[in-house]
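Colleague: Sequence isn't available, so here's the structure alone:
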């Protein structure tokens, strides 16, 4: 049985949820960003307890089917932008349609209706947060960051960065981490 969880954005989140499941004695097959696949259907009581414990950790069990799909979209984007080591140039509309089994127009309209922004804008916001992270780490040049995130040029990255943050990448570097936004707040 699949359970959908809101606000899972990193490997640490997955480990925290796995630890919770183990402490609750819940057998599971797999935990990924935003999803738990349990071995057995949970009783209403166990599900309610799990929901309460998840809330204490800043996560939320999602029952609404549309909201589950929105979280799946977000988690696929977060996984690709922030966690996949091999960044291949992909068409996100085809990627999401294939991954989620729905036509992209449906996904796009639903996402915009529920979130108030387009999927494309959400992808840009995630990429800019990744750029911020990489700038703060100060291990890569702006050209390497642009290449890693699939930007066609440093100029395009810089323009998009300034449009979203109001700062140039070099100015951001001077003010640093205080300008980062937690991924679950995007």
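Modeller: Now that the structure is in, tell me what you want to look at. Being a predicted model, the structure only gives us computed values, none of them experimental.
Colleague: Can you verify my assumption that residue 114 contacts residue 64?
Modeller: No - judged on CB atoms under 8 Å, residue 114 makes no contact with residue 64 at a distance of 9.6 Å. No exception for glycine: its C-beta is placed from N, CA and C like everyone else's.
Colleague: These two - which one has more neighbours?
Modeller: Using other CB atoms under 10 Å, the more surrounded residue of residue 114 and residue 64 is residue 114, with 14 against 11.
Colleague: Please give me every residue in contact with the more buried one.
Modeller: 66-67, 70 (CB atoms under 8 Å, 6 or more residues apart in numbering).
Colleague: Could I have the buried ones of these as PyMOL selection syntax?
Modeller: PyMOL command restricting these to the buried ones, with burial defined by 16 or more other CB atoms under 10 Å:
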select buried, resi 70
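Colleague: Could you list the single helix or strand in the protein with the lowest mean pLDDT?
Modeller: helix 169-175 (a mean of 85; mean pLDDT, DSSP states H and E).
Colleague: Please verify my assumption that residue 119 contacts residue 96.
Modeller: Yes - using CB under 8 Å, residue 119 is in contact with residue 96, at 7.2 Å.
Colleague: Overlap in contacts, those two.
Modeller: 73, 77, 107.
Colleague: Can you give me the distance of the residue nearest the centre of the chain to residue 123?
Modeller: Geometric centre of the chain, nearest residue: residue 78, 2.9 Å, by CA atoms, centre = their mean. Residue 78 is 10 Å from residue 123, where distance means CB to CB, to the nearest Å.
Colleague: With residue 108 instead?
Modeller: Distance of residue 108 to residue 123, computed by CB to CB: 11 Å.
Colleague: Out of the contacts of residue 114, flag the one nearest to residue 52.
Modeller: Nearest to residue 52, judged by CB to CB, of the contacts of residue 114 is residue 67 at 18.7 Å.
Colleague: Check which helix or strand that closest one maps to.
Modeller: If you go by DSSP states H and E, residue 67 is part of helix 65-78.
Colleague: So which elements touch that helix?
Modeller: Counting contacts by 3 or more CB pairs under 8 Å, 6 or more residues apart in numbering; DSSP states H and E, helix 65-78 packs against strand 2-6, helix 92-100, helix 104-115, helix 119-137.
Colleague: could I get these as a markdown table with mean pLDDT and distance to residue 36?
Modeller: Listed next are those as a markdown table, based on pLDDT from 0 to 100; distance: least, CB to CB, whole Å:
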| stretch | mean pLDDT | distance to residue 36 |
| --- | --- | --- |
| strand 2-6 | 95 | 4 |
| helix 92-100 | 91 | 18 |
| helix 104-115 | 96 | 22 |
| helix 119-137 | 93 | 23 |
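Colleague: Relative to residue 59, which of those is closest?
Modeller: Across the helices and strands packed on helix 65-78, closest to residue 59 is strand 2-6 (CB to CB), at 5.0 Å.
Colleague: what is the mean pLDDT for stretch 32-51?
Modeller: When pLDDT is averaged over stretch 32-51, the result is 95.
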